[in-house]
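Q: Sharing a model that was predicted from the sequence below.
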Amino acid sequence: MSLEAYRAAAAATHFLPALLWAVIAWDVLRLVRRQGALADYPWVLLALTTCVAVHYATWTVTALLAPSLQGASVLRGVLAALIDGSIILLLAFARHIARLWPMRRPLPSRRWLAVNYGICALVLWLVVSADLHWSEGNALPPEGWFASYTVFNCYLLALGAAMIGDLRRVAGRGWWRPGLMWDARSADVVALGFAFALVLAAQVLSFVVQARPLELLVRPEPCSEGLVLYGLNGLAGLIYATPLVVRNLGDILPAYLVGLTSILLVGGVQAGVARLTATTADASLRMVTQLAAVLGIVFVVVPGGTWLRAVIERALFRRGRLRWAEMQQFVQGLAPERGTHACCEETLHEVVRAMGLRGAAALLTDGAVVRVGEIRMDALADVWPRDGRGLPPSHLRQFDFKELPLPLMAALADADVLAAIRIVSPRRHWGYAFITTDLRGASLRDDDDEAVGAVAHQLALVLDAADLLARTVAVERSLAHAERLAAIGELAARVAHEIRNPVTAARSLAQQLARDPTSPLNTEHADLIVEELERVERQVRDLLRYARREDLRTEPTDLGGLVAAVASDLAPKAEQAGVTVELDTTPGIVAPADRERLRQVMINLIENAIDALAGRERPRRLALAVGRENGSARLRVADNGPGIPAAALARLFEPFFSLKPNGTGLGLAIAKRTIDAHGGTITAESREGEGTRFEVLLPLEGQPA
């Protein structure tokens, strides 16, 4: 291997973890800015990730500048001090993080902090002083090198072992789970322990070859031991990042891949330009070529980063801005008349689809649990305060779960919940929504938070509308029922009169039967008694039907089949009255309807038509038709009877208004109320001497009422 390839390999092995840790540090910084964190944990984590990024970035720069570091050099000493000093600092921060990370562990005392950072400062001063002294010569005296490097490695071994030990004592068993992302797991101990072993192996190798890692890099010839050492060091940096990368995969991985790809493209463009211009003597041509390369980077690589990130997010995490827009548009189009629970369920279905989640659920303040997909909610439903009392007045992400009471935190972990989103409007608090997914998507980006929060707010507004609509409908039904009861009260005297007449007649006839049981008129009297009592029964039945609430049990109903069945049932009565029935039905017309209630409406209309035709000379025709009209189902009952007077036509659907001598005046009123309850309309048209036509319009299956 050539010296240039050797140093390029050393730079590459350190550049990969340097870029990764820089992305992690930037992500932690955004977390601190977004949440305004006041606790120690995010600030210490930011310091730790920054130190690691600086350490590996310094190694990368050192490898690239190695030809300039031969012999005594201030720069050489400064780079050595940065490399060693960043390790010493990150070890102190890592030990601090290990004490802060577990959810229920007490915060470290001031004495502990003083000892931790005091020892760090002492070791930092000893090692950095020695590194800066290195700039005065090619190397420290053997005893100086051994002393400073021994102190450095003892500190490395002690702090690293203490950090792993702290985590091992408090880490929960098992690998990473979506619901336990911000608690220490045994998988973290394994990853950090393996990385620490790689670092120790690199340090042992350094002692074996009796040279510091930086000396191996600035030597004038390649060194196989140095290549192994740098490979171990770079691999350890990548593995050290595993616990943080897994916990925020959605942010870190796309940014890392985009940054890496962009840098490789820039390096490729520069290398290509250098090769093209190497054999060109024309200075102007070289300038034009270099300018074209710069423009290519600006106008292709930079915009391409946004496109590449979108591709990565869609491919790996099944998310995208288009889906978030669709999700919000879906919620805006929800129909409040569907009800609060149905609106919640449909919204959760859309959120699960758009974000590629495993499951979602909502705990509403009315006690309802709405669940979609795979999510365990039994334990959470038992302990979660649905009114939000005692909880922060904002959405909760896993980072915030550490501040919740232990029963809530345990229930969230059992359900693998990633976030708890408040469903709240300016009017009221509706409850909380919970989401979960697999490990690949177990992190929410800022725009994920914004999208879910916006959907939750829109859902709360829809629930407000649904609640107000339900209250309005309930009030309207109560008023309508009260109006019917008032009408019954106002006309009670008339009903009593209508019932008294047939009852009086029946009683008189019965008395005659009692006085003269052998009279030849008894058979006729008995028939009259039965007829009058049937009249009473009919009036009472219609009155009870009108007073009853109109609670429908809708189902998909074939209207053509329904009308044909009613016509078949009434065919004997029509034949006896000399009425010819003409049936014209279009097949396949299905509407959501209460079949029995609609059947009673058709029976009433057809019987009324047959009764009206009885007073007309032949031919007597009754036409029944079922068809479509402007997106609705149309049912038509038309006869060629005597018609209805214009003055009576306007009152035809009023309760207790009847043109029949013995009618109750409730049949058409009940029919109109039934059709109104179906979301349809019923109308009547008539001309005296020409006939009457009743027309019913009902919404079809899948059409709005």
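A: In hand now; what should we look at?

Q: And V228, how far from A10?
A: Separation of V228 from A10 (C-beta to C-beta, to the nearest Å): 11 Å. Bear in mind the C-beta positions are built from the backbone N, C-alpha and C, glycine included.

Q: ok, now N153?
A: 21 Å.

Q: Looking at the two, which one has more neighbours?
A: A10 (28 against 16; other C-beta atoms under 10 Å).

Q: helix or strand for that one, which one?
A: A10 is part of helix 3-35 when elements are defined by DSSP states H and E.

Q: buried residues in the helix or strand that comes right after that helix?
A: Downstream of helix 3-35, the first helix or strand assigned by DSSP H and E is helix 40-64. Using 16 or more other C-beta atoms under 10 Å as the test for burial, helix 40-64 gives 41-42, 44-63.

Q: Report the mean confidence score over helix 40-64.
A: Helix 40-64 shows a mean pLDDT of 88.

Q: secondary structure class for V581?
A: strand (DSSP: H, G, I helix; E, B strand; the rest coil).

Q: again, but for G174
A: Applying three-state DSSP: G174 is coil.

Q: where's it relative to V190, distance?
A: G174 is 11 Å from V190, by C-beta to C-beta.

Q: okay, these two: which has more neighbours?
A: Between G174 and V190, counted using other C-beta under 10 Å, V190 has the larger neighbour count: 17 against 10.

Q: Which secondary structure element is home to the more buried one?
A: Per DSSP H and E: helix 186-208 holds V190.

Q: what's around D569, how many residues?
A: Neighbours around D569, by other C-beta under 10 Å: 13.

Q: Quick one: residues contacting the closest residue to it other than its chain neighbours.
A: Nearest non-adjacent residue to D569, counting by C-beta to C-beta, 6 or more residues apart in numbering: I603, 7.7 Å away. By C-beta atoms under 8 Å, 6 or more residues apart in numbering, the residues touching I603 are V566, D569, L570.

Q: my guess is R693 meets N640, correct?
A: No: judged on C-beta atoms under 8 Å, R693 makes no contact with N640 at a distance of 10.0 Å.

Q: what sits in contact with each of these two?
A: With the criterion set as C-beta under 8 Å, 6+ apart, the contacts of R693 and N640 do not overlap.

Q: Give me the contacts around stretch 194-201.
A: For stretch 194-201, using C-beta under 8 Å, 6+ apart, the contacting residues are 156-157, 160-161, 164, 232-233, 235-237, 239-240, 242.

Q: And stretch 574-591, end to end?
A: 27 Å (C-alpha to C-alpha, to the nearest Å).

Q: Can you list the buried residues in that stretch?
A: Those would be A574, V579, V581, T585, I589, V590, A591, for stretch 574-591 by 16+ other C-beta under 10 Å.

Q: Give the burial count for A571, as a bare number.
A: Neighbour tally, A571, other C-beta under 10 Å: 12.

Q: Quick check: it touching L583?
A: No: if you go by C-beta under 8 Å, A571 and L583 don't touch, sitting 10.2 Å apart.

Q: ranges for the strands of this structure?
A: Along the chain, counting by DSSP state E, strands occupy 359-364, 369-373, 396-397, 419-424, 429-436, 555-558, 579-585, 590-593, 620-629, 632-639, 681-687, 691-699.

Q: Quick check: which of those strands is nearest to L479?
A: strand 681-687 (20.5 Å; C-beta to C-beta).

Q: ok, residues contacting the closest one?
A: By C-beta under 8 Å, 6+ apart, strand 681-687 touches 601, 643-644, 649, 652-653, 671-672, 675, 692-697.

Q: please redo it, this time with the cut-off set to 7 Å
A: 643-644, 649, 652, 671-672, 675, 692-697 (C-beta atoms under 7 Å, 6 or more residues apart in numbering).

Q: Flag the shaky bits of the stretch 151-300 of the chain, pLDDT-wise.
A: 177-182, 250, 266-300 (pLDDT under 70).

Q: show me where it has helices.
A: 186-208, 213-218, 224-240, 242-247, 249-278, 283-296 (DSSP state H, counting those that start in this stretch).

Q: Extract the C-alpha set from the fourth one and format it as CSV.
A: Looking back up the chat, that one is helix 242-247. Output in CSV follows, covering the C-alpha atoms of helix 242-247 (Å, rounded to 0.1, in the frame of the first residue of the first chain):
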residue,chain,number,x,y,z
THR,A,242,-25.5,2.7,18.1
PRO,A,243,-27.6,3.4,21.2
LEU,A,244,-28.3,7.0,20.1
VAL,A,245,-28.8,6.1,16.4
VAL,A,246,-31.4,3.4,17.2
ARG,A,247,-33.3,5.8,19.4
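
Q: next one: it to chain centre, how far?
A: On the basis of C-alpha atoms, centre = their mean, to the nearest Å, helix 242-247 sits 24 Å off its chain's mean C-alpha point.
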